[in-house]
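Engineer: sequence first, predicted coordinates after that:
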Amino acid sequence: MKKKLILWFGGVGLLILFSAFAIFSLSKNSWAQIATPIVVAEKSVVPPQSDEGVIKLREDAVAKTSETISQIWNYQLAIIDERAITTGKVISAILLLSIGIWLSKAISNFVGRRIFPKLNLSGGGLAAIQSILFYLLVVFFALFALRLANVPLTVFTVIGGALAIGVGFGSQNIMNNFISGLIILVEQHVRVGDLVEVDDLQGMVKHIGPRSTIIRTINHTDIVVPNSQFLDKHVVNWTLSDNITRFKVDVGISYSSSIELAKKLLIQAAEENLHVISNPAPDVLFQEFGSSTINLQLFGFVFINSTIGPNVVQSELRYRIWELFQANGIEVAVPQRDVRLEMVGPVEVKTS
């Protein structure tokens, strides 16, 4: 939708631009040639009193309209480096910049789809390079539009001062998030497709924009996070170097159960899970003698992605551990308490 709007506005702007140039390029004789058939057509309805008078009136109206448009188009907004900044130059620059932004998006998308995949780049790296390419193309087309519109680059001294005042009064957060987004794209510590955790928010990075990043949670909800959050806060990236992470599952069994059998069943549950890797192999630690349980810990390494996280694998393992323990008579212990009653005297038992 956004692309269509930009293309539509660009086309309308070009149409207006060409129409204005056409008005300036046509001579009075051309307008007289256009006006003459109109007069001839009117003769069949109402006989004109004077053909020359009608043509003269039309030429005067066209001349006034052309003069008014020319005055508006050539109106001087400012003079920089002995160059006049006119309304026509500003309109031309804006139209060219709009078309340049659309072309930048189209070119970056084409390169990202057709060329970058042949370089065996990861999804996150591809998205980062594609975004940087888009920004570079926008800067190129902006400079090209200013050059083509004959706008001097020293105009940025005035614009830069105005932007500095704006940043000082109310745009700190916008500029902070924009610069943070550029740092994220360059450093590649957070990439599209990574499984990250920011504060209590965990999910997959769906998009990294100039101001914010979109994270899709396990509930399939898109959360918009400002880019500065990734630099100001502690961020856990589960898939920064690879998609392998460590998991652990704590289990407490009763003192009457066999520790060796419990260890064997725990390892069996891990080996049967498709997400648990075999090298290094999963193992079981004897943690401690609890007050009412023998505490064991199953640990290993699991391959995760955008849909399978450590919590999902741990849940699958607990389901399987419970089934194996039930089938082999291993009791999952619960806290037990011994209650002793101290009596001062004998207890009387009455029967009816």
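Structural biologist: Thanks, I have it. Numbers count the residues shown, from 1 in each chain.
Engineer: how about the helices in the stretch 51-200 of the chain?
Structural biologist: For the stretch 51-200 of the chain, applying DSSP state H, counting those that start in this stretch gives helices covering 51-73, 87-114, 123-148, 155-169, 172-187.
Engineer: three-state assignment of the residue nearest the centre of the chain?
Structural biologist: In the chain, the C-alpha nearest the mean C-alpha coordinate belongs to His207, at 2.9 Å (CA atoms, centre = their mean). Of the three states, His207 takes strand according to DSSP: H, G, I helix; E, B strand; the rest coil.
Engineer: residues contacting the spatially closest residue to it that is not a sequence neighbour?
Structural biologist: Nearest residue to His207, sequence neighbours excluded (CB to CB, 6 or more residues apart in numbering): Ile214, at 4.4 Å. For the C-beta atoms, the positions are set from N, CA and C on the backbone; glycine is no exception. By CB atoms under 8 Å, 6 or more residues apart in numbering, Ile214 lies in contact with 205-207, 222-225.
Engineer: same thing but 7 Å
Structural biologist: For Ile214, the contact set (CB atoms under 7 Å, 6 or more residues apart in numbering) comprises 206-207, 222, 224.
Engineer: if we can go back for a sec, so which of the helices of the stretch 51-200 of the chain comes closest to Ser315?
Structural biologist: helix 123-148 (26.6 Å; CB to CB).
Engineer: quick one: buried residues of stretch 315-333?
Structural biologist: Going by neighbour count (16 or more other CB atoms under 10 Å), the buried part of stretch 315-333 is 316-317, 320-321, 324-325, 330, 333.
Engineer: what's the distance between Lys233 and Leu133?
Structural biologist: For Lys233, the distance to Leu133 equals 29 Å [CB to CB, to the nearest Å].
Engineer: those two: which is more packed in?
Structural biologist: The neighbour comparison of Lys233 against Leu133 (other CB atoms under 10 Å) goes to Leu133, with 17 against 10.
Engineer: isn't that one up against Ala106?
Structural biologist: No - using CB atoms under 7 Å, Leu133 is not in contact with Ala106; the gap is 11.7 Å.
Engineer: now Trp238: how far from Phe299?
Structural biologist: Distance of Trp238 to Phe299, given as CB to CB: 16 Å.
Engineer: swap in Asn311?
Structural biologist: Note on Asn311: its distance to Phe299, by CB to CB, is 15 Å.
Engineer: comparing the two, which shows the higher neighbour count?
Structural biologist: Neighbour tally, Asn311 and Phe299, criterion other CB under 10 Å: the higher count belongs to Phe299, 16 against 12.
Engineer: which residues touch the more buried one?
Structural biologist: Phe299 makes contact with 246-248, 282-283, 285, according to CB under 7 Å, 6+ apart.
Engineer: out of the residues you listed, which one sits closest to Ile259?
Structural biologist: Nearest to Ile259 among the contacts of Phe299: Leu285, at 11.8 Å, using CB to CB.
Engineer: sec struct for the spatially closest residue to the closest one that is not a sequence neighbour, please.
Structural biologist: Nearest residue to Leu285, sequence neighbours excluded (CB to CB, 6+ apart): Gln297, at 4.5 Å. At Gln297 the chain is in strand, as set by three-state DSSP.
Engineer: tally of neighbours for Gln297?
Structural biologist: By other CB under 10 Å, the residues close to Gln297 number 15.
Engineer: can you check the pLDDT for it?
Structural biologist: Note on Gln297: pLDDT of 93.
Engineer: touching, it and Gln287? I think so.
Structural biologist: Yes - using CB under 7 Å, Gln297 is in contact with Gln287, at 5.3 Å.
Engineer: could you point out where the chain is predicted with low confidence?
Structural biologist: Within the chain, the ranges that satisfy pLDDT under 70 run 1-51, 78-84, 116-128, 148-171, 306-307, 336, 343-345, 347, 349, 352.
Engineer: care to break the protein down by domain?
Structural biologist: Using automatic domain parsing, the domain parsing of the chain gives 1-73, 184-237, 244-328.
Engineer: measure the longest one end to end?
Structural biologist: So that's domain 244-328. With CA to CA, to the nearest Å applied, domain 244-328 spans 31 Å between its terminal residues.
Engineer: wait, isn't Val138 in contact with Lys105?
Structural biologist: No - the pair Val138 / Lys105 is not scored as a contact, 8.8 Å apart, by CB under 7 Å.
Engineer: which residues does the helix or strand where Arg318 lies contact?
Structural biologist: Per DSSP states H and E, Arg318 falls inside helix 310-328. Outside helix 310-328, the residues that touch it by CB under 7 Å, 6+ apart are 245, 247, 249, 251, 261, 265-266, 268-270, 272-273, 275-276, 298, 302, 304, 332.
Engineer: and what of stretch 300-308?
Structural biologist: Outside stretch 300-308, the residues that touch it by CB under 7 Å, 6+ apart are 193, 195, 204, 238-239, 243-247, 270, 275-277, 280, 282-283, 310, 313.
Engineer: for that stretch, buried residues please.
Structural biologist: By neighbour count on 16+ other CB under 10 Å, the buried set for stretch 300-308 is 300-302, 304, 306, 308.
Engineer: could you export those to JSON lines, including columns for distance to Phe144?
Structural biologist: Formatted as JSON lines, the buried residues of stretch 300-308 follow (distance: CB to CB, whole Å):
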{"residue": "Gly300", "distance to Phe144": "57"}
{"residue": "Phe301", "distance to Phe144": "52"}
{"residue": "Val302", "distance to Phe144": "51"}
{"residue": "Ile304", "distance to Phe144": "45"}
{"residue": "Ser306", "distance to Phe144": "39"}
{"residue": "Ile308", "distance to Phe144": "47"}
